[in-house]
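[1] Give me coordinates for this.
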Amino acid sequence: KELGIIQTAFAQICKGKKEVIMVTGYSGAGKSMLSNEIRNTIAKKKGHFISGKFDQFQLDIPYSALAQAFKQLVQQLLTANKEQIQAWKKELLQALGSNGKIISTVIPEIEKIIGPQPDIIELPAEEAKNRFHLTFQNFVKIFCNTKHPLVIYLDDLQWADLSTLTLLEVLVRDVEIKHLLLISTYREKEVHDLHPLMLLLKNLEQEKITISTIFLTPMSLTQIGQLLSDTLSCPEEDVYSLAELSLQKTEGNPFFLSQFLHSLHREGLIFFDRDNYKWRWDLKKIQQAGI
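    Take a look at the predicted model:
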C-alpha cells in the first residue's frame, strides 16, 4: 500500500505534476528502504533519482543533503556522451547566466560540466538570499521535464538546517516547477509542534499544497510470521511461536527484527539441518538469550 502511494505520485509527475511525500516512523521502521524500492520504476521512465541525508552533527553546514543529492545528479550526467554533456552545459549556462558561481559554491562538481565560473557581485543579505533562491529554482527546473522527471529523496529531515527548509518551501511553492517528486523522511518522535519542519508543513498546508504522508508502523505478528515463513521455508504455523518471541524482543521494528534474526543465526540458535534439509531453532535458548 505504501509503495503504491509513491508509485502513484511518480506517475503523476510524469504527467507534469509536482508531488510531495513525507515518510515518517520510528528509527528502523523502513523509511529509507521504502523510498529506495522505486528506483527501478524511475529508471524505466528515464527519470533521475537523487538522494541526500541530513546529519545531526552537521547542522551548521547549510544545504548539505541537497548538495549530496545534486552531486549524484552531476555524476549521472557525466556518464553521457560528449554531445549530451555539451547540451547540458549550454542549457545550464543559459539558465544560470552570470550566477553560475552561486550554484558551484554549493555544488562544486557542477563546474565539471559548465567550467569555472566568475565571481558574483556582492549584495545585501536579503537580496543575496532572494538571488540564491531564484538561481536555484532556475537550476532545478532544467532537470524537471517530460523526458527526465526528477525524484529528490532527503533522509532525516528532522535534522535539516533552516536554510534548506526555506529553500525547499520555495521550490514547492514555485508553480513553474513540474515533473518533480520530493520524498522526505523524518523521525516522528524527534519533532514537536514548534519544530521548523512542522512549521514548514503547516505553511504549505495553509497554501493548499497537497502533501501525502506515509506513516510506517511496526510489523504485526502476522507480518512477522509471513516473513519467517518465507525466510525459513516452512509453513506459518511452524514459526508461530518464534514469531511471537520475535515480536516481544523487537516490538515489530523491521531493522531490529532483521538484526535479531542475524544474531540468532550467528550464534547458532537458528541453524540449517543438512541431514533433514530444513531450518531448525531452539526456542528455549532464544528466550534465554540476552537480546
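
[2] Could you check the pLDDT of Phe215?
    As predicted, Phe215 sits at a pLDDT of 93.

[3] and it, what does it touch?
    Going by Cβ atoms under 8 Å, 6 or more residues apart in numbering, Phe215 touches Thr24, Gly25, Glu188. The C-beta positions use only the backbone N, C-alpha and C, and glycine is treated the same way.

[4] a markdown table please, covering these and showing pLDDT.
    Formatted as a markdown table, those follow (pLDDT from 0 to 100):
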| residue | pLDDT |
| --- | --- |
| Thr24 | 92 |
| Gly25 | 87 |
| Glu188 | 81 |
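
[5] So which of those residues sit within helices?
    Among these, no residue falls in helices (DSSP state H).

[6] neighbour-wise, which of these leads?
    Gly25 (22 neighbours; other Cβ atoms under 10 Å).

[7] Any idea how many residues pack against the closest residue to it other than its chain neighbours?
    Using Cβ to Cβ, 6 or more residues apart in numbering and skipping residues adjacent in sequence, the residue nearest Gly25 is Leu216, 3.4 Å away. Using other Cβ under 10 Å, Leu216 is surrounded by 19 other residues.

[8] same check, this time on Glu37
    Counted with other Cβ under 10 Å, the neighbours of Glu37 add up to 14.

[9] separation between the residue nearest to Gly25 and Trp159?
    Per Cβ to Cβ, to the nearest Å, Leu216 is found 18 Å from Trp159.

[10] And for Lys178?
    Lys178 is 29 Å from Trp159, by Cβ to Cβ.

[11] Looking at those two, which has the bigger crowd around it?
    Neighbours were counted for Lys178 and for Trp159 using other Cβ under 10 Å; Trp159 has more, 20 against 17.

[12] what sits against Leu167?
    Applying Cβ under 8 Å, 6+ apart, the residues contacting Leu167 are Tyr63, Leu66, His133, Phe136.

[13] List just the nearest of these to Ile291.
    Nearest to Ile291 among those, counting by Cβ to Cβ, is Leu66 at 38.8 Å.

[14] Output the contacting helices and strands for the helix or strand where that closest one lies.
    Assessed by DSSP states H and E, Leu66 sits inside helix 64-77. When contacts are defined as 3 or more Cβ pairs under 8 Å, 6 or more residues apart in numbering; DSSP states H and E, helix 64-77 sits against strand 48-53, helix 82-96, helix 111-114, strand 150-155, helix 162-173.

[15] Next, the angle from the fourth one to helix 64-77.
    Same thing as strand 150-155. Inter-element angle recorded for strand 150-155 and helix 64-77: 140 degrees (by axes from the mean of the first three to the mean of the last three Cα atoms, to 10 degrees).

[16] Same check on the first one?
    With the same axes, to 10 degrees as the basis, strand 48-53 and helix 64-77 are set at 150 degrees to each other.

[17] Mean confidence (pLDDT) on strand 48-53, please.
    Rounded mean pLDDT across strand 48-53 is 94.

[18] Likewise for the shortest one?
    When the per-residue pLDDT values of helix 111-114 are averaged, the result is 96.

[19] what is the orientation angle of whichever helix or strand comes after that helix with helix 162-173?
    For helix 111-114, the following helix or strand on the C-terminal side (DSSP H and E) is helix 125-142. If you take the same axes, to 10 degrees, helix 125-142 sits at 50 degrees to helix 162-173.
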